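>>> take a look and give me a structure for this.
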Amino acid sequence: MPHLIVEYSANFAADVDPQRLAKHLADAAVDTGVFPVAGLRVRFHPVEDYRVADGHPDNAFLHLMIRMGHGRDLDTRKRAGDAIFKALCGYFDAAYARRPIGLSMEMVEIHPDLNFKQNNMRDYIKARGVQAAE
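Next up is the predicted model:
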């Protein structure tokens, strides 16, 4: 973990380059030293039907949900969240300067007894010669 789930209004699609933003967010998450590379997932969901604020067609939104494994203390989660949100906001500086945008982020800790997974990513990452953070 974590899984970074990006939801954004369809009118914001021209400013959201999913592959570039995925790398930017993944790098920010890994750079915190809190999250392992092998557990990282980033996915995007454009939203076709939405209303933002007063409904003006220029209004756009992007919401980042971070779902993470249980067990990190509040200070660690807050530090990681601050770093990732700063990276998210920085990515959109130019767009933010020219149009109305609502950027938001939340971190959700997954219950340890209700988290089921199977993952062989570490083996493949190791075989490719990339260091997988534990």
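>>> ok, which stretches of this protein are strands?
Remark: strands assigned in the chain by DSSP state E are 3-9, 41-47, 60-68, 101-109.
>>> for residue 119, which of these is the nearest?
Between residue 119 and the strands of the chain, the tightest spacing by CB to CB is seen for strand 41-47, at 10.1 Å. Any C-beta I mention is one placed from the backbone N, CA and C, and that applies to glycine too.
>>> which strands and helices sit next to the closest one?
Helices and strands touching strand 41-47, by 3 or more CB pairs under 8 Å, 6 or more residues apart in numbering; DSSP states H and E, are strand 3-9, helix 18-31.
>>> want to throw the strands of the chain into a markdown table with mean pLDDT?
A markdown table is the format used below for the strands of the chain (pLDDT from 0 to 100):
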| stretch | mean pLDDT |
| --- | --- |
| strand 3-9 | 98 |
| strand 41-47 | 97 |
| strand 60-68 | 98 |
| strand 101-109 | 97 |
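>>> in a markdown table, list those along with distance to residue 80 and mean neighbour count.
A markdown table is the format used below for the strands of the chain (distance: least, CB to CB, whole Å; neighbours: other CB atoms under 10 Å):
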| stretch | distance to residue 80 | mean neighbour count |
| --- | --- | --- |
| strand 3-9 | 11 | 20 |
| strand 41-47 | 15 | 14 |
| strand 60-68 | 8 | 20 |
| strand 101-109 | 8 | 15 |
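>>> what's the closest of these to residue 92?
Proximity to residue 92 (CB to CB) singles out strand 101-109 among the strands of the chain, at 6.4 Å.
>>> neighbours around the closest residue to residue 99 other than its chain neighbours, how many?
Distances taken as CB to CB, 6 or more residues apart in numbering put residue 58 closest to residue 99, at 5.5 Å, once the chain neighbours are dropped. Neighbourhood size, residue 58 [other CB atoms under 10 Å]: 10.
>>> now do the contacts for residue 58.
By CB atoms under 8 Å, 6 or more residues apart in numbering, the contact list for residue 58 reads 11, 99, 100.
>>> show the buried residues in those.
Buried members of the contacts of residue 58, scored by 16 or more other CB atoms under 10 Å, are residue 11.
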